[in-house]
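S.K.: model this:
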Amino acid sequence: MRSDEWVVAYDTDKGRGVQVALVDSGSANARLIAAAPELLEALIALYDDALELDIEKRPLYVAARAAIARATGATP
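M.R.: Here you go, the predicted structure:
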């Protein structure tokens, strides 16, 4: 990849659109952006499992809920 290429990620399962970023080819940010949809999906699944265990008020899960909200544009 050249340093001026775009990275595009599609959320085809949920139809939520496109995430686009201009990245440097050797950067860790490019890998993070590329993995973001899968990371969000995994965090949501873990958070949903926590709800069944009745531990969603612990600080780690409060932080997870806030991160999910920021990523999806929802209210925490």
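S.K.: what separates the residue nearest to residue 40 when sequence neighbours are not counted from residue 27, distance-wise?
M.R.: Excluding its sequence neighbours, the residue lying closest to residue 40 (C-beta to C-beta, 6 or more residues apart in numbering) is residue 71, at 5.1 Å. In short, each C-beta sits where N, CA and C put it, glycine included. Separation of residue 71 from residue 27 (C-beta to C-beta, to the nearest Å) stands at 20 Å.
S.K.: Name the residue in the two with the higher neighbour count.
M.R.: Counted by other C-beta atoms under 10 Å, residue 71 and residue 27 do not tie: residue 71 has more neighbours, with 15 against 11.
S.K.: Give me the helices and strands touching the strand or helix carrying that one, please.
M.R.: Assigned by DSSP states H and E, residue 71 falls within helix 59-72. Where contact means 3 or more C-beta pairs under 8 Å, 6 or more residues apart in numbering; DSSP states H and E, helix 59-72 is packed against helix 28-53.
S.K.: Tell me what angle the helix it packs on forms with helix 59-72.
M.R.: Between helix 28-53 and helix 59-72, the angle comes out at 120 degrees (axes from the mean of the first three to the mean of the last three C-alpha atoms, to 10 degrees).
S.K.: Please point out which parts of helix 28-53 sit buried.
M.R.: Applying a neighbour-count criterion of 16 or more other C-beta atoms under 10 Å, the buried positions in helix 28-53 are 30, 33-34, 36-37, 40, 44, 47, 50.
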